[in-house]
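S.K.: Would you be able to build a 3D model of this:
(one chain, ligands or ions: 2)
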Amino acid sequence: MRSLSIFGATGSIGESTFDLVMRQGGPAAFRTVALTGGRNVTRLAEMARALQAELAVTAHDDCLPALRAALLGSGVEVAAGAQAITEAADRPADWAMSAIVGAAGLAPGMRALRHGRTLALANKESLVTAGPLLMATARAHGATILPVDSEHSAVFQALIGEDIACVERVIITASGGPFRDWTLEQVRNCTVAQAMAHPNWSMGQRISIDSASMFNKALELIETREFFGFAPEQIETVVHPQSIIHAMVGFCDGAVMAHLGPPDMRHAIGFALNWPGRGEVPVARLDLAQIAKLSFQAPDEQRFPALRLAREVMAAGGLSGAAFNAAKEIALDRFIDGSIGFLDMAAVVEETLARISARNGLGNSPTALEEVLAMDHLARHTAGDAVRARL
Ligand code: NDP
Ligand code: MG
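M.R.: Numbering: from 1, shown residues only. Ligands and ions are numbered 1, 2, ... in the order given. Sure thing, here's the model as predicted:
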């Protein structure tokens, strides 16, 4: 029987993973080692009971009594805190889903890789902040990383059986989000609710807003660079409003292989769950005659400066991804709480990168998790200053 753990089980990706695991037999087919969540302990406890998990961990100490009460008599062990989540990755499991949101997902993922596990990686911040370290850790310990972000799963699938040396370019698609056709002025004055209204995908709040600002695509460009190792100039993005093609790979003979699928994360999660084979996944099947048209347009870097910033980060390499992500997280928090406007987010990130500069080792490749966390800390602090300067 395969064993698995889900980090970030109560989130959007975690729920979809749980759903697929239940459909594929639940506790009769999988031994669930650990499930982790944040504040939603009621749901975490329900999942832990349904999968007969060995351990349920909440990120927050103050949530532990509620989790303990909800799991009374179930036989499920409980724990709390960031350290307990990372230690949950020490427990032997064949497969782990990394679906915590934000930089908090990095440490447990790294720990799972150190044990040589297969890590289904949805947490894009891990690759953006610590790509070289993560990939080196996987190599050193014989671990496997399976990308779960839909674009990267698509590239991964298009590359099966191919000679990587023959790849000329990779194109990841962007829906363009809710503001694809808005003017710069409209975008400047948008609300949080408008930014969350993604036209094609149903996702968590933070990633939905990141999609509207194209910070999500910026993170994904960096993620592509770190995971597959392509040069920055080989990685492109194109706006594709229908979100049917997720990525394309162009080869040296002129062929372009495209991966098509419905905009439903259960496809990419199901691919990772069933890898190296394929399994039945209950997503809607594409009706191409009904879709009728697949269209493409160049992204507008004036309305979406995050894409230009991603290019600068890819060129600088090293710890600049950690600084970029941390500054973006602070800017996003301040947009959500109404302190700054939508376009201020990119300005805050740009200002943070400029303030930190090469002097603070922005281009140095991280050799330990502590260096990444130190840069994350510095960038959060600096971004806070940059926000205050704009108030
Ligand atoms: P959600 O916000 O829906 O869920 C996040 C999960 O992490 C929840 O289980 C939450 O717990 C938990 N969590 C929140 N903060 C912490 C913390 N500090 N420590 C430990 N756990 C915490 O996120 P998504 O599922 O949307 O995204 C998860 C990751 O996958 C992100 O990195 C995202 O970029 C990536 N991703 C998501 C996609 C999507 O379609 N949603 C697509 C591609 C990538 P609780 O809710 O109980 O508080
Ligand atoms: Mg994606």
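
S.K.: Now do the helices in the stretch 151-300 of the chain.
M.R.: Counting by DSSP state H, counting those that start in this stretch, the stretch 151-300 of the chain has helices at residues 184-188, 192-196, 205-213, 215-228, 266-274, 288-291.

S.K.: can you tell me which of those comes nearest to ligand 1?
M.R.: helix 205-213 (4.5 Å; CB to the nearest ligand atom). In short, each C-beta sits where N, CA and C put it, glycine included.

S.K.: just how off-centre is that closest one within its chain?
M.R.: Relative to its parent chain, helix 205-213 has a centroid offset of 12 Å by CA atoms, centre = their mean, to the nearest Å.

S.K.: okay, the helices of the stretch 151-300 of the chain in CSV with mean pLDDT, mean neighbour count and distance to ligand 2 next?
M.R.: What follows is the helices of the stretch 151-300 of the chain, written out as CSV (pLDDT from 0 to 100; neighbours: other CB atoms under 10 Å; distance: least, CB to the ion, whole Å):
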stretch, mean pLDDT, mean neighbour count, distance to ligand 2
helix 184-188, 93, 13, 21
helix 192-196, 95, 16, 16
helix 205-213, 94, 22, 8
helix 215-228, 97, 25, 5
helix 266-274, 98, 23, 8
helix 288-291, 96, 9, 19
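
S.K.: Out of those, which is closest to residue 2?
M.R.: helix 266-274 (9.3 Å; CB to CB).

S.K.: what packs against that closest one?
M.R.: helix 12-23, strand 95-98, strand 118-121, strand 144-147, helix 150-158 (3 or more CB pairs under 8 Å, 6 or more residues apart in numbering; DSSP states H and E).

S.K.: is it possible to export the helices of the stretch 151-300 of the chain to a markdown table including distance to residue 159?
M.R.: Converted to a markdown table, the helices of the stretch 151-300 of the chain look like this (distance: least, CB to CB, whole Å):
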| stretch | distance to residue 159 |
| --- | --- |
| helix 184-188 | 35 |
| helix 192-196 | 33 |
| helix 205-213 | 24 |
| helix 215-228 | 8 |
| helix 266-274 | 13 |
| helix 288-291 | 24 |
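
S.K.: Out of the ones you listed, the one nearest residue 149 is which?
M.R.: helix 215-228 (6.2 Å).

S.K.: got the angle for the closest one vs helix 205-213?
M.R.: Put simply, helix 215-228 runs at 100 degrees to helix 205-213, going by axes from the mean of the first three to the mean of the last three CA atoms, to 10 degrees.

S.K.: Helix 215-228 vs helix 150-158, what angle?
M.R.: Relative orientation of helix 215-228 and helix 150-158, computed by the same axes, to 10 degrees: 30 degrees.

S.K.: Using CSV, write out every CA atom in helix 215-228.
M.R.: Provided in CSV are the C-alpha atoms of helix 215-228 (Å, rounded to 0.1, in the frame of the first residue of the first chain):
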residue,chain,number,x,y,z
PHE,A,215,2.9,38.2,-10.2
ASN,A,216,1.8,34.6,-10.4
LYS,A,217,3.1,34.3,-14.0
ALA,A,218,6.3,36.1,-12.9
LEU,A,219,6.8,33.4,-10.2
GLU,A,220,6.1,30.8,-12.8
LEU,A,221,8.7,32.1,-15.2
ILE,A,222,11.3,31.8,-12.4
GLU,A,223,9.9,28.4,-11.4
THR,A,224,10.4,27.2,-15.0
ARG,A,225,14.0,28.4,-14.9
GLU,A,226,14.7,26.7,-11.6
PHE,A,227,12.9,23.5,-12.2
PHE,A,228,13.9,22.7,-15.8
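
S.K.: Kind regards, and thank you for your time.
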